[in-house]
Every structure is written in structure tokens, then in C-alpha cells.
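Asks: pasting the structure only:
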Ligand SMILES: C[S@@+](CC[C@H](N)C(=O)[O-])C[C@H]1O[C@@H](n2cnc3c(N)ncnc32)[C@H](O)[C@@H]1O
């Protein structure tokens, strides 16, 4: 496909998303109907769709509307590319711009345009929570997120992992957020086929998540529970950080933990999977990686940003509080409860923990809010001592 034909495909897919289809499904459905598109085409089209979705409100303003065409034209304008060079109508390129579209594309734009790319109902709340970093974070959230790996210290070290990745043509650089973190350069898209990945030397994990796990004290022989384990990212990181600890994983949804035994085997670590509703008790450390808005990861899942509602956020805040209350009872006297979210919102983070401390009177040992300004996702971690 030509570069312009890829934009035309992105326009089709964006129109489907505008009718309510979830981005991943719209991309898959498009690919099924266009078998001629190769993997490089599909990757480029996906990038265009996600680039637009991250900046949807500003692209709509710059292009003059919410349709796929105007969004893509608006994005090109924001990126400093003349949309007329793509909208040529030649071959499979998008049709040429109409006079009306051309006029919309020359309307002046406001200065603080990055602030538009938050949901309207959430902007003031984020501005208050992020304070003087609000503008810089708004801008950072409009860019593609880097791909990060966690080096599995149970099997290798950073230098060896970098060398192993290089053999498969994948560039990797140490990242300052965590001792285990690598940021990928050239070849990042091939990571799941690389020997370093299939041999369990590295796992995909955001750098801020890695830094949060690294801040959790964990010692040999301790009993540790990852209470909201999902796919097991945190449990595996804890097991790699301290292979002599006894790590258990639990989730309300057993299906989410389905791949965990295979992932643990690949990593050469042990994680015991508990049945939903039977997490065990008396743990030295319980980690709650709570269901949340995901606002810190919206660079990776930008359509989730536009789907979140105030009502859903309120439900999540209540659920987080309930989960924390249940998790508290699983911690042995003198043990630790660690709360994490991939959110940028105080209501899910600092304010949630302040409320918990008020209700239960345990000691808040530390808390840290990560933002994309340090490279990784928005992420929050708080440690509580019982
Ligand atoms: C943020 S995700 C966890 C991600 C995971 N820790 C990882 O690193 O891959 C939150 C998880 O909480 C689980 N969950 C939701 N409600 C729960 C509950 N009441 N008790 C336990 N787990 C719950 C969800 O099924 C989901 O897998």
C-alpha cells in the first residue's frame, strides 16, 4: 500500500470507531476484509488510527469535524504536513479536499491546544491534580508511548539482555526509571518473536510499573499476595525480584490469570495461582494493583480515554475502596499493604489512600505518583504498614 492509501484505510477505520466500534475490533475487522494489507501496512494504519485517537479533539478542531477524513486531515496539519499532499485522489489516496474542508484547515488554532485532548468533563479535575505539570503532561500524553521491557533478573542481567536482543536485530537501551528497565528502539515490533522474549529473559512491562515494584521491600521466605493479579505482571516482577519469596496470585476473574503459569515457567519463577474468592490469608505483603480509569496509560489505549464516563470513574473509586478493605484482612499483623493504579487522578490515588488511612488508621509509609514526564506511564504506588 502507498503511504496515502494507508491514510485512506485509517479514515475508514476511524469512521467505524466514530459509530461506537472499539478501536482494536475495528482494526481487526478492517484487516479481515483487506487481506492484501501486509504487516507493515497494518502497523502503519494502526499507528495513524492511534495517533488520531490520542489527539482526537485537537485533530477535530484542526480539521473541522469528527469524521475520519477531517480527523486525519487535522492530524496531518497538527504534525506540520500539508493535508493536500495526502488527499490527492490518486490511486488509493483519499479524495481531494473540498473547498469547505480547505477553509476549515486554515482556521486559526488556540495556543493551549494539547489541553483539548482530555475528556471535557475530566479536564479541570486533571488540571487541579497535576498542578504546574498539567500542560507538559497534556502534551506528553499526545505522543506514542515507548516500548519497555523488564529484564528478568532471575535469569539474566541488563547487559546480557541487550546483547541477546541485538542478535534478533532489536535495539534496547537502559532506562533510568528502574534497574530492570529497557526502552526499545529499532525492531521493537518484533519483540514477541525474539529469542530473549521467548526464553524468558525479558517481559513487556512499563518502566513506571517496574519502578513501583522495585520500591516494594520483599525478603526471602516472605508470603506475598498479588491480589488483583490479572495477567500476572506484578506477581512475575515480584518473583523475579526475590525468587526465594513465596508469591501467590489471585484475581476475581480466573480467566485473566490463564497464561500466568506459562509465563512463570518461561521466566523460571514460581507463582502459585489461587482460585477467585480464595486468596488465602496472613500474608507479609499484599499488593493491590487495582482496577482503575487507566488514565496513566491512555497513550497506549487512547480510545479508552474517550469512553470513560464520570459515572464509571465513581464506580471504580468505590470498587477500589472495597477491594482495599478486603485486602487489608489478608495482611498479617505488622505486614504491608501496597496499593497501585495506572491512574493520574488523585481520587483514585492520593485521595483514595488518604481516605483509607483515615478509616483504618494504618501508617502511610510512602506514596509516589509517576507521570509520562519521567518516560513511563502514569502510575501510582502507596505503601501502608499495619
Ligand atoms: C489493573 S488490573 C491488574 C493488572 C495486573 N496486576 C498486571 O500487572 O498485569 C486489575 C485487575 O483487578 C481485577 N479485579 C477487579 N475486581 C476485583 C476484585 N473485587 N477482587 C480481585 N480482583 C479484582 C480485574 O479482574 C483485573 O484483572
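Replies: That came in fine, so what should we check first? Not measured: the values here are computed from a predicted model. Numbering: from 1, shown residues only.
Asks: quick one: the helices in the stretch 151-300 of the chain?
Replies: Secondary structure of the stretch 151-300 of the chain (DSSP state H, counting those that start in this stretch): helices located at 158-167, 195-198, 207-214, 233-241, 260-267.
Asks: for the ligand, what are the nearby residues on the stretch 151-300 of the chain?
Replies: Counting by C-beta under 6 Å from any ligand atom, the residues of the stretch 151-300 of the chain close to the ligand are 227-231, 233-234, 251-253, 256, 289, 291. Just so you know, the C-beta spots here come from the backbone N, C-alpha and C atoms, and that holds for glycine as well.
Asks: what values do phi and psi take at the closest residue to residue 23 other than its chain neighbours?
Replies: Residue nearest to residue 23 in three dimensions, not counting chain neighbours: residue 303, with 4.2 Å by C-beta to C-beta, 6 or more residues apart in numbering. With angles defined as degrees, to the nearest 10, residue 303 sits at phi -70, psi -20.
Asks: before we move on, what about residue 339?
Replies: The phi/psi pair for residue 339 (degrees, to the nearest 10) is phi -110, psi 130.
Asks: ok, residue 78 - contacts?
Replies: Counting by C-beta atoms under 8 Å, 6 or more residues apart in numbering, residue 78 touches 55, 58, 59, 62, 113.
Asks: just flag the most distant two among those residues.
Replies: 59 and 113 (9.9 Å; C-beta to C-beta).
Asks: who has more neighbours, those two?
Replies: Applying other C-beta atoms under 10 Å to residue 59 and residue 113 shows that residue 59 carries more neighbours, namely 29 against 18.
Asks: okay, now residue 145: neighbour count?
Replies: A total of 20 residues lie near residue 145 under the criterion other C-beta under 10 Å.
Asks: which residues touch it?
Replies: By C-beta under 8 Å, 6+ apart, the residues touching residue 145 are 206, 297, 299, 300, 372, 377.
Asks: by neighbours, which of those residues wins?
Replies: Neighbour counts for those, by other C-beta under 10 Å, peak at residue 206, which reaches 28 neighbours.
Asks: in this structure it contacts residue 379, no?
Replies: Yes - contact criterion C-beta atoms under 8 Å: residue 206 and residue 379 qualify, at 7.1 Å.
Asks: next, give phi and psi for the residue lying closest to residue 239 once chain neighbours are set aside.
Replies: If the residues on either side of it in the chain are set aside, residue 239 comes closest to residue 269, at 3.7 Å by C-beta to C-beta, 6+ apart. With angles defined as degrees, to the nearest 10, residue 269 sits at phi -120, psi 170.
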